[in-house]
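*Asks:* Predicted coordinates and the sequence they were generated for:
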Amino acid sequence: WEPPHLGVMDDHDTAFKVARAEDGVPDLTKIPDIDNTGISLNLKTRFQRDEIYTCCGTILVACNPFKRLSCFEADDVMRYKGKRFGGEPPHIFATAEATFDNIRQGEGNQSVVISGESGSGKTETTKLILQYL
């Protein structure tokens, strides 16, 4: 998995590639304009590609697809197991793994805050975290 346009120099190019919201980057902190327009455009682009998870640093933003996606299977659990946060595409399993890893490392009690409007998928997200654990 290679995140698009993360603002790094290409080996064959001396130009600095800037992360653009219209490309739908996986981490909102990489776009130059973190404002309502940039965030909305980035989330919309990712949502249209069925990429419902986007990070903003260590915060996971989820957009309810209101349909069943194939990114919650046993293979997906294994994809995130033992991986550091940010090493794979944004996903609720990455958040669950990071939380569990913090417990294993002796970081003390951990919590995951799940918030949103009615129908936004809070219950399903909670079930996915429990499934992962």
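*Replies:* Received the coordinates, thanks. Numbering: from 1, shown residues only.

*Asks:* Apart from its neighbours in sequence, what residue is nearest the residue nearest in space to the middle of the chain?
*Replies:* Taking Cα atoms, centre = their mean, the centroid of the chain lies closest to Pro90, which sits 2.3 Å from it. The spatial neighbour of Pro90 that comes closest, neighbours along the chain excluded (Cβ to Cβ, 6 or more residues apart in numbering), is Tyr53 at 3.9 Å. All C-beta spots, glycine's among them, are computed from the backbone N, C-alpha and C.

*Asks:* Could you pull up the residues touching that neighbour?
*Replies:* Residues near Tyr53 by Cβ atoms under 8 Å, 6 or more residues apart in numbering: 46, 60-62, 89-92.

*Asks:* Now with 7 Å, please.
*Replies:* By Cβ atoms under 7 Å, 6 or more residues apart in numbering, Tyr53 lies in contact with 60, 62, 90-92.

*Asks:* if I look at it, how far off is Gly108?
*Replies:* Tyr53 sits 26 Å away from Gly108, going by Cβ to Cβ, to the nearest Å.

*Asks:* Before we move on, what's the pLDDT of the residue lying closest to Gly38 once chain neighbours are set aside?
*Replies:* Nearest non-adjacent residue to Gly38, counting by Cβ to Cβ, 6+ apart: Ala21, 4.2 Å away. The model reports Ala21 with a pLDDT of 92.

*Asks:* Would you state the strands of the chain in chain order?
*Replies:* Remark: strands assigned in the chain by DSSP state E are 53-56, 59-62.

*Asks:* Parallel or antiparallel, list what pairs with the last one.
*Replies:* Meaning strand 59-62. strand 53-56 (antiparallel) (DSSP bridges).
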